[in-house]
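Pasting a predicted model and its sequence here:
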Amino acid sequence: MRIDIITVMPELLESPFNHSILKRAKERGLLHIHLHQLRDYAINKHGQVDDMQYGGGAGMVMMCEPLAKVIEKLKGERDYDDIIYLTPDGITLHQKIANTLSLKENLMLICGHYKGIDQRIRDLYVTLEISIGDYVLSGGELAAAVLVDGIARLIPGVLNDETSALTDSHQDGLLAPPIYTRPAEFQGLKVPEVLLNGNFKLIDEWREMEALKRTQERRPELL
Ligand code: 6GU
């Protein structure tokens with residue numbers, strides 16, 4: 001999968017993709033991330049990419065021309081499955097969306113800043129608008145990092161134990177059950193007996209029950 005990210009702050013996105021699973025995905029050639037500095041497509045030599053909004057009001061708007069220029073350039077080089085704008089008024093990111101996007105070949109991500117981008121770029125180019133939750137971030141970069149992480153770990157071959165994504169919270173519509181490792185007793189708290197006896201049928205049943213219980217307690221609307 002190739003992901004092109006358009007941003008005025010590429011430095012903010014360099015580190016998140018160079019650790020752990022995403023790093024491995026890149027090293028295995030399963031994920032290619034390309035950062036594009038929007039200011040390289042600015043309307044003048046001052047690197048201007050934003051302007052005041054029509055109708056008045058506080059906050060700058062990211063202008064059409066620089067965005068159109070970089071989007072057109074990239075579109076001329078390959079076909080994109082989706083051009084995604086990260087925005088708090090998009091659809092809320094959900095595991096199903098991550099699953100779907102993990103099967104794509106080429107994605108383009110646009111990170112907004114200030115008040116956001118000119119509506120005409122959304123009308124002309126954007127095919128999917130995603131928010132990562134009902135709260136406000138100061139830009140789309142951290143949301144893009146969240147989205148890329150959520151997608152990349154689902155690309156076939158990225159996770160070492162192929163089944164491990166299947167038991168994540170949310171993958172089967174339930175929260176994950178409690179998990180334990182050594183020691184068998186810590187500060188008086190014992191690992192549940194069922195996990196120690198090697199009866200995998202019982203263990204599966206226990207995990208299923210605990211997942212249901214946890215979901216019922218914390219996120220009943222998921223059931
Ligand atoms: Cl995608 N962008 C910004 N700026 N804030 C957000 C968001 C995105 N998702 C939730 N809050």
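Cool, the structure landed.

Tell me which residues touch the residue nearest the centre of the chain, please.
Geometric centre of the chain, nearest residue: residue 147, 0.7 Å, by C-alpha atoms, centre = their mean. Taking C-beta atoms under 8 Å, 6 or more residues apart in numbering, we find residue 147 in contact with 84, 86, 93, 98, 101, 109, 130, 132. Any C-beta I mention is one placed from the backbone N, CA and C, and that applies to glycine too.

Which of the helices or strands spans it?
In this structure, residue 147 sits in helix 141-152 according to DSSP states H and E.

can you list contacts of whichever helix or strand comes after that helix?
Going down the chain from helix 141-152, the next helix or strand is strand 185-186, by DSSP H and E. By C-beta under 8 Å, 6+ apart, the list of residues contacting strand 185-186 from outside reads residue 191.

which neighbours does strand 185-186 have in its sheet, and in what orientation?
If you go by DSSP bridges, strand 185-186 pairs up with strand 189-190 (antiparallel).

which element follows the strand it pairs with toward the C-terminus?
Sequence order places helix 200-218 as the next helix or strand after strand 189-190, per DSSP H and E.

Please name every helix or strand in contact with that following helix.
Judged by 3 or more C-beta pairs under 8 Å, 6 or more residues apart in numbering; DSSP states H and E, helix 200-218 is in contact with no other helix or strand.

care to break this protein down by domain?
Per automatic domain parsing, the structural domains of the chain span 2-152, 168-222.

which one of these is the most hemmed in?
domain 2-152 (a mean of 17; mean count of other C-beta atoms under 10 Å).

what about the nearest residue to residue 222 once chain neighbours are set aside, distance to residue 176?
Leaving aside its sequence neighbours, residue 222 sits nearest to residue 215 (C-beta to C-beta, 6 or more residues apart in numbering; 5.4 Å). Per C-beta to C-beta, to the nearest Å, residue 215 is found 9 Å from residue 176.

which residues of the chain score low on pLDDT?
The model of the chain has pLDDT under 70 over residues 162-163.

Specify the residue positioned farthest from the middle of it.
Distance from the C-alpha centroid of the chain peaks at residue 188, with 38.8 Å (C-alpha atoms, centre = their mean).

From what I see, residue 64 and residue 118 are in contact.
Yes - contact criterion C-beta atoms under 8 Å: residue 64 and residue 118 qualify, at 4.8 Å.

how about the residues of the chain near the ligand?
86-88, 131-133, 135-137, 139-140, 143 (C-beta under 6 Å from any ligand atom).

Those residues in helices, which ones?
residue 143 (DSSP state H).

Return the member of the residues of the chain next to the ligand nearest to residue 205.
Closest approach between the residues of the chain next to the ligand and residue 205, by C-beta to C-beta: residue 133, at 33.3 Å.

bridging residues for the residue nearest to that closest one when sequence neighbours are not counted?
Of all residues not flanking residue 133 in the chain, residue 92 sits nearest, at 6.4 Å (C-beta to C-beta, 6+ apart). Beta bridges link residue 92 to residue 131 when assigned by DSSP bridges.

What separation is there between residue 92 and residue 151?
For residue 92 relative to residue 151 (C-beta to C-beta), the value is 15 Å.
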